[in-house]
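Participant: Sharing a sequence plus its predicted fold:
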Amino acid sequence: MTARQAWWIARKDLAHLFRERETWIWSFLVPPLFMLFIGAVTARGPAVARETVAVQAAPDAGFLGEELLLRLEQQGFQVVRTDAQSFSRFRRRLIVPPGFTDAVLGSGQAKLIFERDGGGLGADFDGLRLRKAAWGMAADLALLRLQGREATPEALRELAAAPRTLAVETRPAGERRRAPGGYQQSVPGMLVMFVLLAMLTTGGVSLLEERRHGLLRRMAAAPLPRGALLAGKWGSRLALGWIQTLWAVAAGTVLFRVDWGAAWWAVAAVLALYGALCSLLGMLIGNEGQSPGAVIGAGVIASNVLAALGGCWWPAEIMPLWAQKLALALPTGWAMDALHRLMSFGGSPSDVVPHLAALAALAAVCAWTLARRFRFQ
């Protein structure tokens, strides 16, 4: 009888939650929009990876000037020829002097002018790639001179196509983790964030309103076990969280082509436990809240802070080490780290057992606290 009563309460309560406009907006409309915006901003692609360098090459720079620009493109630069008026607008600027080819083939010396706005490791890396392109070309010219061959564009192409007598093979010594970007990061990140946001606001405020309007007090006077009431209230919010999760997964799969990994059932287990925890947290904040404004304010602030620190807005892997350790102390961090392991790093289900245990343990603590502190008025 208790299970049937809990089921009846959950169905009626869920129908009431779906009559609220805020439920549709924050659970089903806004999350895909955030997935689209953040995923598009953080997407990785060839156009993003290549870095533009503006080039002013003198008309008589010769074929070695063209060869240098080709080698710069091989180093990952996007070479753009500009006029003097547009030259200064670019962050990276290279001047190839007049008579560049004649100077290199004659005295072996020519001066390239490379300018870059800003410093740091990025500037050092740009200088390294520029030197690699210039010194590589100088080495090929020296080899042609040793072979007694004339330096021509055809000779340089032939030398580049020749098999190398010395090759360097590099392999990773361990698992290589490249922080996910684009939709592979934004879809699970916004899913984790908005499930928590919806549960802390909609789930919490609805429980507070029922207490303020005396509905819970009337239910307490009915021949209804306390456990059935709590189970029904939790069941409705749990169902809403799971429906929201299924909607986000479907949107991520169909609209954004997200790869959920081979162990989809482990991903489902992480999301199911996370939804259970968020629904209990929402009931706790609604049980302790004194006004709808306070519950909404606390829910919005808490969900945004936990999302930022837990790696929902950006990959936790790019944060400082102390922030990564902090993320692993938060439920959003547990969920995101588990999802990244399964979706992006090729992890096995056994890798996320600690995450599942942490989510389940915290959910059990929240359920015990709610059962002890639940207020009807």
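Facilitator: That came through fine.
Participant: What segments of the stretch 51-200 of the chain are strands?
Facilitator: For the stretch 51-200 of the chain, applying DSSP state E, counting those that start in this stretch gives strands covering 51-57, 77-81, 92-96, 113-116.
Participant: if we look at stretch 265-281, which residues are touching it?
Facilitator: With contact meaning C-beta atoms under 8 Å, 6 or more residues apart in numbering, stretch 265-281 is reached by 191-192, 195-196, 199-200, 203, 234, 237-238, 240-242, 244-245, 249, 260-261, 331, 334-335, 338-339, 342-343, 349, 352, 355-356, 359-360, 362-363, 366-367, 370. Bear in mind the C-beta positions are built from the backbone N, C-alpha and C, glycine included.
Participant: Hmm, Ala10 and Gly232 touching each other?
Facilitator: Yes - counting by C-beta atoms under 8 Å, Gly232 touches Ala10, with 4.6 Å between them.
Participant: Which of those two has more residues huddled nearby?
Facilitator: Neighbour count, other C-beta atoms under 10 Å: between Gly232 and Ala10, Gly232 has more, with 23 against 20.
Participant: and that one, what is it in contact with?
Facilitator: Each residue near Gly232 by C-beta under 8 Å, 6+ apart is listed here: 5-10, 13.
Participant: if we go to 6 Å?
Facilitator: Gly232 makes contact with 6, 9-10 under the criterion C-beta atoms under 6 Å, 6 or more residues apart in numbering.
Participant: now swap in Asp83 and tell me
Facilitator: Taking C-beta under 6 Å, 6+ apart as the definition, Asp83 has no contacts.
Participant: go again using 10 Å as the cut-off
Facilitator: With contact taken as C-beta atoms under 10 Å, 6 or more residues apart in numbering, Asp83 is in contact with 54, 56.
Participant: for Leu359, same thing?
Facilitator: 269-278, 331, 334-335, 338, 352.
Participant: Among those, give me the pair with the biggest separation.
Facilitator: Cys278 and Val352 (17.6 Å; C-beta to C-beta).
Participant: Surely Gln325 and Gly333 touch.
Facilitator: Let me fix one detail, which is that residue 325 is Lys and not Gln. Yes - applying C-beta atoms under 10 Å as the test, Lys325 and Gly333 come out as touching, 9.3 Å apart.
Participant: Excluding sequence neighbours, find me the nearest residue to Ala239.
Facilitator: Residue nearest to Ala239 in three dimensions, not counting chain neighbours: Leu14, with 5.3 Å by C-beta to C-beta, 6 or more residues apart in numbering.
Participant: so the one you found touches Arg237, yeah?
Facilitator: Yes - look at Leu14 against Arg237 with C-beta under 10 Å: they come within range, at 8.3 Å.
Participant: out of those two, which sits in the busier spot?
Facilitator: Under the neighbour definition other C-beta under 10 Å, Leu14 and Arg237 were set side by side, and Arg237 has more, 29 against 19.
Participant: check contacts around the more buried one.
Facilitator: Counting by C-beta under 10 Å, 6+ apart, Arg237 has contacts 10, 13-14, 17, 198-199, 202-204, 206-207, 275-276, 278-283, 286.
Participant: try it again with 6 Å
Facilitator: 203, 279, 282.
Participant: now it: how far from Val205?
Facilitator: Using C-beta to C-beta, to the nearest Å, Arg237 is found at 11 Å from Val205.
Participant: what sits up against stretch 142-152?
Facilitator: Against stretch 142-152 from outside (C-beta under 6 Å, 6+ apart): 105, 141, 155.
Participant: ok, the residues you listed vs Glu169, which is closest?
Facilitator: Distances from Glu169 to these, taken by C-beta to C-beta, are shortest for Leu141, at 26.9 Å.
Participant: Tell me where the model's unsure across the stretch 151-300 of the chain.
Facilitator: 170-178 (pLDDT under 70).
Participant: circling back: would you mind checking which of the contacts of Arg237 is nearest to Ala228?
Facilitator: The nearest one, if we look at the contacts of Arg237 relative to Ala228 and count by C-beta to C-beta, is Ser279, at 16.8 Å.
Participant: Show me where the stretch 201-350 of the chain has its helices.
Facilitator: 204-212, 215-221, 226-254, 264-288, 292-310, 321-327, 331-343 (DSSP state H, counting those that start in this stretch).
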